[in-house]
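[1] Any chance you could fold what I've pasted below:
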Amino acid sequence: MSLKELTIPKHLDALPGRTQKMAIQKKHYVTGVLLEPPFPQECHRVVLAMGCFWGAERKFWEIHGVYTTAVGYAGGLTKNPTYEEVCSGQTGHTEAVLVIFNPMHVTFEQLLCVFWENHDPTQGMRQGYDIGTQYRSAIYCYTDYQRKEAEASRDTYQRVISDAGHSVITTEIASGNEFYYAESYHQQYLAKNPMGYCGLGGTGVSCPI
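    This is a model prediction of the structure:
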């Protein structure tokens with residue numbers, strides 16, 4: 001991998017993208033609910049990145065209390081990027097999962113436990129054999145409460161994985177910006193392709209939240 005593909009580009013170096021949004025399927029392949037707004041008023045949103053988004057999305061659509069999920073691109077600079085552009089390392093995005101959840105049925109802290117336990121958050125611009133800026137770990141928050149809880153959970157998990165011999169967590173925690181939906185063939189990929197690739201794997205250390 002080149003240094004360019006392992007470094008977030010600056011604004012002047014990022015691909016320009018396009019004004020037209022990605023045309024995607026209307027409904028979730030597994031649950032049948034809408035992938036795009038409007039969502040129920042009682043639902044909250046968070047965007048989580050933990051490596052290849054195929055396996056990550058399945059982890060969250062299986063959780064009771066999650067209304068819908070979608071895969072896409074977050075944390076970058078290019079408007080409405082394509083998968084190929086994101087993989088070039090020239091958009092600054094990471095592969096991410098939009099999680100729309102009902103906090104009366106699943107708490108934000110429970111989602112954070114699933115996040116921390118199902119990938120290795122210490123690997124920087126990679127996740128296992130998947131290498132590049134698009135595989136970095138991230139939590140994009142949409143409220144001050146989410147930001148505070150995400151940072152507290154990181155500090156808590158850092159203590160237990162340090163005790164287990166792992167290095168420093170590199171997960172990016174930031175306010176949620178634009179989430180760009182990925183192409184339809186990526187949405188609920190492992191439901192459409194049960195034998196498809198899933199590189200998801202954790203450290204084996206339980207999250208004590």
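
[2] And Glu117, how close does it get to Ser162?
    16 Å (CB to CB, to the nearest Å). For glycine as for every other residue, the C-beta is placed from the backbone atoms N, C-alpha and C.

[3] which one of the two has more residues nearby?
    Using other CB atoms under 10 Å, the more surrounded residue of Glu117 and Ser162 is Glu117, with 17 against 14.

[4] OK, contacts around that one?
    Gly202, Thr203, Val205, Ser206, Cys207 (CB atoms under 8 Å, 6 or more residues apart in numbering).

[5] Among these, name the buried ones.
    Using 16 or more other CB atoms under 10 Å as the burial test, these include Gly202, Thr203, Val205, Cys207 as buried.

[6] so which of those residues comes closest to Gln127?
    Set against Gln127, the nearest of the buried ones among the contacts of Glu117 by CB to CB is Gly202 (10.5 Å).

[7] residues contacting the closest one?
    Gly202 neighbours (CB under 8 Å, 6+ apart): Trp116, Glu117, Asn118, His119, Asp120.

[8] measure the residue of the chain most remote from its centre to Tyr157 for me?
    In the chain, Asp163 marks the outermost C-alpha relative to the chain mean, sitting 26.0 Å out by CA atoms, centre = their mean. Counting by CB to CB, the separation of Asp163 from Tyr157 is 11 Å.

[9] By residue count, tell me the biggest helix in this protein.
    helix 144-163 (DSSP state H).

[10] where does that one sit relative to the chain's centre, distance-wise?
    Distance of helix 144-163 from the chain centroid (CA atoms, centre = their mean, to the nearest Å) equals 17 Å.

[11] mind listing what the nearest residue to Val71 once chain neighbours are set aside touches?
    Leaving aside its sequence neighbours, Val71 sits nearest to Phe53 (CB to CB, 6 or more residues apart in numbering; 4.1 Å). Going by CB under 8 Å, 6+ apart, Phe53 touches Val71, Gly72, Glu95, Ala96, Val97, Ala182, His186.

[12] which stretch of helix or strand covers the fifth one?
    Assigned by DSSP states H and E, Val97 belongs to strand 94-101.
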